[in-house]
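Student: Got a predicted model here, sequence first, then my questions.
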Amino acid sequence: MFTDEAGHIPISEDEWIAHRREQLQRLPPALEQLGLTSLPDVLLPQQKELLRSTSTHGLTVADKSRRVGFTWAIGSDAVLTAGAQKSARGMDCLYIGYNLDMAREFIDCCAMWARAFMPACTETGEFLFADGTDAHGEPRTIQAFRIGFASGFEIIALSSRPRSLRGRQGYVILDEFAFHDDAEGLLKAAMAFLIWGGKVLVISTHNGIDNPFNALIEEIRAGKRPGNIVRCTFDDAIEQGLYRRVCLVTGREWTAEGEAKWRAEIYRTYGADSDEELRCIPSLGTGAYLSRALIESRMVDGIPVIRWRAPAGMVDWPTRIWEAEVDEFCDRELKPHLDALDPTLRSCLGQDFARSGDLSVIHPVQIEQTLRRRPPFILELDDVPYSAQSRILFYIIDRLPRFFHAAFDANGNGASHAEAARQKCGSSRVSEIKPSADFYRENMPKLRAAFEDATIILPRDDDIANDYRAIKMTRGIAKVPENARTVGANGADRHGDAAIAGLLAWYASLQRGSEGAPAVAGLPRVAAAGTEAFTFPSELGSLDDFLRM
């Protein structure tokens, strides 16, 4: 037996269960007092973003932390979708969790939202529920695993088996997808819903790097499968007001100190699992991102790797002396390969910058008619001064046919180098990249897809292969770890430099930018008129001399 809140009237266990069920299906009193006009504010920003995505994309994937309210928010989406007429894009909503309790909870959630929306529908002469109410005022069509609407559509909770989706149509919600016994089979069955205008929403926290959920995310990021990803970590949700919402529902007073303490306690509770459970980082990912067999399958003979170490003391040489040294190197080593480029193909470039310690790698690319990215060479610079690197870079860019974009590592010392390229080539043709977790998360899957699809070509070189092998899954993100340092065949220190340059070259190849005029063998390329810098005529002396006239 239980007692009521006053503590003196005994109630049965069945009465308590009924009471709790009623409470779960209602908006919290504090929210009800706001009135219906404030209802949209009930959703946090990332919950709103999720609903925007489901309204505009056939396939949405919600990559989320635990307990950020995505399933609760999507209950409102399900009610509005099933409650709408067919002419307003109404349809059945089919929910699949991995156990019975999830199904019951979602139906309860939808019932709460349906009750919240009922006043508005009544005011416009519409009725959400087909059969009125029972003696207790409850809609008769709300059942344990089904809610029926006057529109003729339903919200149905189905079993976690692919065949339960066969022959159905509508809006399917796969909740905690990573934990279903046959996740791949469910996804395959759900994709059929898109053929006749249905929608698919996949919601989950991660369950390992090799799980079908993470594979689905990688496919979308790589552009192999259309869809949209909405990502929300635990900290994202807190910043957007999750703890304030917890305080509102539980009656606590919000304070910054209380929020910080609550956050720390949650992270301590999850311990070593907090990365996967709260930060959306799949676990068990510490191996090489690209197999050596895959890397070597994209390597061909005939593409040189040009390596140049600056002469000792070059940084202190007079300008005209080091410029002559650089020009002689470029004419001897680079010009023959640049002159041999196809003038009809578009060109781009990526550079991983370093002054000393690591290598500075320039990776130019021509995009063939088949969309394969083929470099004329890869250039590795060791201990080359800043100004000399810029001179070499511009020598290459000026001779790339139909050059349209370059991407640079703009971290640390690379920032000024990337800025100089931007000033010369124009902001539309230069990306100044400060590699971050988000950059790697979005672009490494595209690079791997290029290897798998054979749209990338590399020179056959052991040091280059080792650089790409240095890419590891670290905390769920593919990148070159800080401690992944090796020594090349020539004794130079390496830190996956060629792989980062290759990633930036691939990124550049996906960008837009105005093309310069076609390069002519033996002459610098003149940039597009009116938009970029130009080569100052030598017969007028230097630009400084001209400006002093």
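Tutor: Perfect, I can see it now.
Student: Below-threshold pLDDT in this protein: ranges please.
Tutor: Low-confidence segments of the chain (pLDDT under 70): 1-41, 119-144, 284-287, 516-549.
Student: That one - how does it break down into domains?
Tutor: Following automatic domain parsing, one finds the domains of the chain at 1-33, 45-278, 292-546.
Student: I'd say V305 and L458 touch.
Tutor: No: using C-beta atoms under 8 Å as the test, V305 is too far from L458 to be in contact (9.4 Å). C-beta coordinates here come from the backbone N, C-alpha and C atoms, glycine included.
Student: okay, and the common contacts of the two?
Tutor: Residues touching both V305 and L458 (C-beta atoms under 8 Å, 6 or more residues apart in numbering) are 378, 464.
Student: So those two - more neighbours on which side?
Tutor: A direct count of neighbours by other C-beta atoms under 10 Å for V305 and L458 places L458 higher, at 26 against 18.
Student: The closest residue to that one other than its chain neighbours: neighbouring residues, count only.
Tutor: Spatial nearest neighbour of L458, chain neighbours left out: M299 (4.9 Å); criterion: C-beta to C-beta, 6 or more residues apart in numbering. Neighbour count of M299, defined by other C-beta under 10 Å: 16.
Student: Which helix or strand contains E219?
Tutor: helix 212-221 (DSSP states H and E).
Student: Just after that helix, pick out the following helix or strand.
Tutor: Taking DSSP H and E, what comes next after helix 212-221 is strand 228-232.
Student: For whichever helix or strand comes after that following strand, buried residues please.
Tutor: Next along the chain after strand 228-232, taking DSSP H and E as the criterion, comes helix 234-239. By 16 or more other C-beta atoms under 10 Å, the buried positions in helix 234-239 come out as 234, 236-238.
Student: Now for the residue nearest in space to the middle of the chain: which residues touch it?
Tutor: Centroid check for the chain by C-alpha atoms, centre = their mean gives E442 as the closest residue, at 4.0 Å. Listed by C-beta under 8 Å, 6+ apart, the contact partners of E442 are R221.
Student: Quick check: it vs T54, distance?
Tutor: 21 Å (C-beta to C-beta, to the nearest Å).
Student: Check which helices and strands the lengthiest helix in the chain sits against.
Tutor: Longest among the helix segments of the chain by residue count, using DSSP state H, is helix 100-123. Under the contact criterion of 3 or more C-beta pairs under 8 Å, 6 or more residues apart in numbering; DSSP states H and E, helix 100-123 touches helix 13-24, helix 70-83, strand 93-96, strand 146-148, strand 154-158, strand 171-175.
Student: Run the angle between the longest one and strand 171-175 for me.
Tutor: Pointing back at helix 70-83 there. On the basis of axes from the mean of the first three to the mean of the last three C-alpha atoms, to 10 degrees, helix 70-83 is oriented at 160 degrees to strand 171-175.
Student: Going forward, count from 7.
Tutor: From this message on, residue numbering opens at 7, which makes the last subject helix 76-89.
Student: So T211 is in contact with R72, correct?
Tutor: Yes: T211 is within contact range of R72, at 5.7 Å (criterion: C-beta under 8 Å).
Student: Can you work out which residues contact both of the two?
Tutor: E283.
Student: ok, these two, which is more surrounded?
Tutor: Shown here are T211 and R72; by other C-beta under 10 Å, T211 has more neighbours (22 against 15).
Student: contacting residues around that one?
Tutor: If a contact means C-beta under 8 Å, 6+ apart, then T211 has 70-72, 182, 184, 282-283, 286 as its contacts.
Student: Any chance of JSON lines for the helices and strands packed on helix 106-129, columns distance to I327?
Tutor: JSON lines is the format used below for those (distance: least, C-beta to C-beta, whole Å):
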{"stretch": "helix 19-30", "distance to I327": "80"}
{"stretch": "helix 76-89", "distance to I327": "64"}
{"stretch": "strand 99-102", "distance to I327": "72"}
{"stretch": "strand 152-154", "distance to I327": "82"}
{"stretch": "strand 160-164", "distance to I327": "77"}
{"stretch": "strand 177-181", "distance to I327": "67"}
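Student: Any idea which of these gets closest to T275?
Tutor: Nearest of these to T275, taken as C-beta to C-beta: helix 76-89 at 20.0 Å.
Student: What is the neighbour count of T325?
Tutor: T325, neighbours per other C-beta under 10 Å, totals 8.
Student: Ignore what I typed, I meant E521.
Tutor: 15.
Student: and it, that's in a helix?
Tutor: No: per DSSP: H, G, I helix; E, B strand; the rest coil, E521 lies outside any helix segment and is coil.
Student: my guess is it contacts R352, does it?
Tutor: Yes: E521 lies in contact with R352 (C-beta under 8 Å); the separation is 6.8 Å.
Student: could I get stretch 108-128 in PDB with only the CA atoms?
Tutor: The C-alpha trace of stretch 108-128 is given here as PDB (Å, rounded to 0.1, in the frame of the first residue of the first chain):
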ATOM      1  CA  MET A 108      10.500   2.000 -25.100                       C
ATOM      2  CA  ALA A 109       7.300   1.400 -27.100                       C
ATOM      3  CA  ARG A 110       5.100   2.200 -24.100                       C
ATOM      4  CA  GLU A 111       7.100   5.200 -23.100                       C
ATOM      5  CA  PHE A 112       6.900   6.700 -26.600                       C
ATOM      6  CA  ILE A 113       3.100   6.100 -26.900                       C
ATOM      7  CA  ASP A 114       2.700   7.800 -23.500                       C
ATOM      8  CA  CYS A 115       4.900  10.700 -24.700                       C
ATOM      9  CA  CYS A 116       2.700  11.100 -27.900                       C
ATOM     10  CA  ALA A 117      -0.400  11.000 -25.800                       C
ATOM     11  CA  MET A 118       0.900  13.900 -23.700                       C
ATOM     12  CA  TRP A 119       1.600  15.900 -26.900                       C
ATOM     13  CA  ALA A 120      -1.700  15.100 -28.400                       C
ATOM     14  CA  ARG A 121      -3.500  16.400 -25.300                       C
ATOM     15  CA  ALA A 122      -1.400  19.600 -25.400                       C
ATOM     16  CA  PHE A 123      -2.400  20.200 -29.100                       C
ATOM     17  CA  MET A 124      -6.100  19.400 -28.600                       C
ATOM     18  CA  PRO A 125      -7.300  22.900 -27.700                       C
ATOM     19  CA  ALA A 126      -5.800  24.400 -30.800                       C
ATOM     20  CA  CYS A 127      -7.400  21.800 -33.000                       C
ATOM     21  CA  THR A 128     -10.800  22.300 -31.300                       C
END
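Student: returning to what we had before: shared neighbours, E521 and R352?
Tutor: 408-410.
Student: which ones among those are found in helices?
Tutor: Going by DSSP H, the helices hold none of these.
Student: Looking at neighbours, which among those is most surrounded?
Tutor: Going by other C-beta under 10 Å, F409 tops those with 29 neighbours.
Student: so who does that one touch?
Tutor: Residues near F409 by C-beta under 8 Å, 6+ apart: 352-355, 403, 431, 435, 521-522, 531.
Student: P232: how many residues sit nearby?
Tutor: P232 - counted by other C-beta under 10 Å - has 11 other residues nearby.
Student: Please export the C-alpha coordinates of the helix or strand harbouring E283 as PDB.
Tutor: Per DSSP H and E, E283 falls inside helix 280-284. The C-alpha atoms that make up helix 280-284 are tabulated as PDB, following Å, rounded to 0.1, in the frame of the first residue of the first chain:
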ATOM      1  CA  SER A 280      31.300   9.300 -20.900                       C
ATOM      2  CA  ASP A 281      32.900   9.800 -24.400                       C
ATOM      3  CA  GLU A 282      30.500   7.400 -26.000                       C
ATOM      4  CA  GLU A 283      27.400   8.000 -23.800                       C
ATOM      5  CA  LEU A 284      27.700  11.800 -23.500                       C
END
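Student: Cheers, nothing more for now.
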